[in-house]
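**Student:** Curious how this folds, go ahead:
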Amino acid sequence: MLAEQYLLILMVKVAVAAALASILSRSAAFQRMLVRDERTLLQRLQLALILSLSYGAGVVTRCLVPEYQAVDLGLEGSIVAGLIGGYFCGLLSGVLISLPAFFIGGEWMSMPLFAGIGVLGGLMRDIAPDKEDVWRFSPFFDLSLWQLFRRRQEWRRSAFRVACVLMIIFAELLRVGVARLFNPRGVFTLVPGGSRVSFLTGAAIFLSTIFAVTTPLKIWNNFRNEKKLEAQQRRLNEARLAALTSQINPHFLFNTLNTVSSLIRTRPEEARRMVYKLSSILRRLLRNTENFTPLRDEIAFIENYMAIELVRFGDKLRFVKEMEEATLDRLVPSMLLQPLIENSIRHGLSSKVEGGTVRVSSRLENGRIHLLVEDDGVGISEARLSRLFELGIGISNVNERLKVLFGDGYRMWIDSKPGEGTRTGIEIPELQATVAAAS
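**Tutor:** Predicted structure coming up:
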């Protein structure tokens, strides 16, 4: 075989390894396997089956169509299985991958060779200083050697990376040796029988084996890093939401208790009814730990809150709901409306002699939920309006929670005119019940 033909086969071989890795990384089952560092016996069995079917398909293709030599990645698949799955996964994958070569190609040494190489990959995983090092070793041998002598404080990691490359070279040498010793039906290799190749061609064969092992690991490691970043961001968002919730609940309760305390001496019966309403609110706050709740439940919570405020303000305060029936079973962030209504009462209506009205409305439009809180209070000055998202707990808290939950997928706006009132609008995507469960 000409050197040019060898090089073409070797390039196709690495390309096949990269394509196979990309295809596998789209499988949900394989994704779950990749992100785990420790696996149960059943999970290792599943991982071995996935890898065996994928790499074994190339062996079948090569056995049936001998011209397609570049798709046979049996040796490389056994190494990969051992590196990422351990002894059991490497041994089982090596056996299963070799079955087509054993039965179709009559290559009777392929099974012990692949099984042993799979166990060798598991051994390398076992001696790794950190399981993450399995994913990080470089196919460039010179860089690994440079790191070994340059970064002496990390010599174990650098030595392991050099050992991984040497292990792959040893596996390829072993395959070539077995093929020569048991010619012609020992095991498949790109250097069949006793044929000789030039030094450069031989070096290229070994390099292609190294890259056919390391390329899938690099592709899958990028995927694992993305998943880990997503998980970290999710945990960060959950922590921020918990912090925001713990911030707004005491603020709300403090204001409500102030209202109750102002009535205890002058109107004790009214104060007792308010305490009863407050207990209903507390039960809701303590029971509900989800980020989302049906709008119907949010409105029920608001009604209990407004019952307390209506006792305090009497006829000066009016509350109007205009909710589209279709919106009531849609999911909205918990404690979304209460801070906005509280702002309307405290800052818009409490200082107005004749009182006023708080109006809450909702509608569905183009798959989005539109919520509006309005009051006909004293309004907000233009200078304060421009900084409202930075002031106080209520508005800034709601805006921050929406930003965490929806990113750029929400809209919140405030429109106010001094002496006429304030309108606060929120627009969020329409959510299904499954979203709340996932949150």
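
**Student:** going forward, measure contacts between C-alpha atoms and count neighbours the same way
**Tutor:** Fine.

**Student:** quick one, phi psi at R423?
**Tutor:** When read as degrees, to the nearest 10, the backbone of R423 gives phi -130, psi 130.

**Student:** That one: how many residues sit nearby?
**Tutor:** Residues contacting R423 under the criterion other Cα atoms under 10 Å number 20.

**Student:** Name whatever forms a beta bridge with it.
**Tutor:** Beta-bridge partners recorded for R423 (DSSP bridges): E374, D415.

**Student:** That one contacts E374, correct?
**Tutor:** Yes - judged on Cα atoms under 8 Å, R423 makes contact with E374 at a distance of 4.4 Å.

**Student:** and M33, which of the three is it?
**Tutor:** Per DSSP: H, G, I helix; E, B strand; the rest coil, the secondary structure class of M33 is helix.

**Student:** where does it land on pLDDT?
**Tutor:** Predicted confidence (pLDDT) for M33: 86.

**Student:** And for Q147?
**Tutor:** What the model reports for Q147 is a pLDDT of 57.

**Student:** looking at this protein, which helix or strand does the model trust least?
**Tutor:** When each helix and strand of the chain is scored by mean pLDDT, DSSP states H and E, helix 433-438 comes last, with a mean of 42.

**Student:** residue ranges with poor pLDDT in the stretch 251-400 of the chain?
**Tutor:** In the predicted model, the stretch 251-400 of the chain carries pLDDT under 70 at residues 251-252, 255, 284-290, 391-393.

**Student:** for it, what spans make up the strands?
**Tutor:** Along the stretch 251-400 of the chain, counting by DSSP state E, counting those that start in this stretch, strands occupy 292-294, 317-323, 331-333, 356-365, 368-375.

**Student:** deepest of those strands, which one?
**Tutor:** Ranked by mean neighbour count under mean count of other Cα atoms under 10 Å, these are led by strand 331-333, which reaches a mean of 24.

**Student:** Partner strands of that strand and their direction?
**Tutor:** Here strand 331-333 has these sheet partners by DSSP bridges: strand 292-294 (antiparallel).

**Student:** Quick check: phi and psi on V60?
**Tutor:** Taking degrees, to the nearest 10, you get phi -60, psi -50 for the backbone angles of V60.

**Student:** Pretty sure it sits against S98.
**Tutor:** No - using Cα under 8 Å, V60 makes no contact with S98, being 9.4 Å away.

**Student:** quick revisit: mind checking the strands of the stretch 251-400 of the chain for the one nearest to G186?
**Tutor:** When those are compared by Cα to Cα, strand 292-294 sits nearest G186, at 62.8 Å.

**Student:** out of everything not next to it in sequence, what's closest to E172?
**Tutor:** In space, E172 comes closest to F206 once its chain neighbours are excluded; the distance is 6.7 Å by Cα to Cα, 6 or more residues apart in numbering.

**Student:** Mind checking what secondary structure the one you found has?
**Tutor:** F206 falls in the helix class when you classify it by three-state DSSP.

**Student:** per-residue confidence for it?
**Tutor:** On the pLDDT scale, F206 is placed at 89.

**Student:** And it, how far from V213?
**Tutor:** Distance of F206 to V213, computed by Cα to Cα, to the nearest Å: 11 Å.

**Student:** Which phi and psi values does G425 adopt?
**Tutor:** Main-chain dihedrals, G425, degrees, to the nearest 10: phi -120, psi 150.
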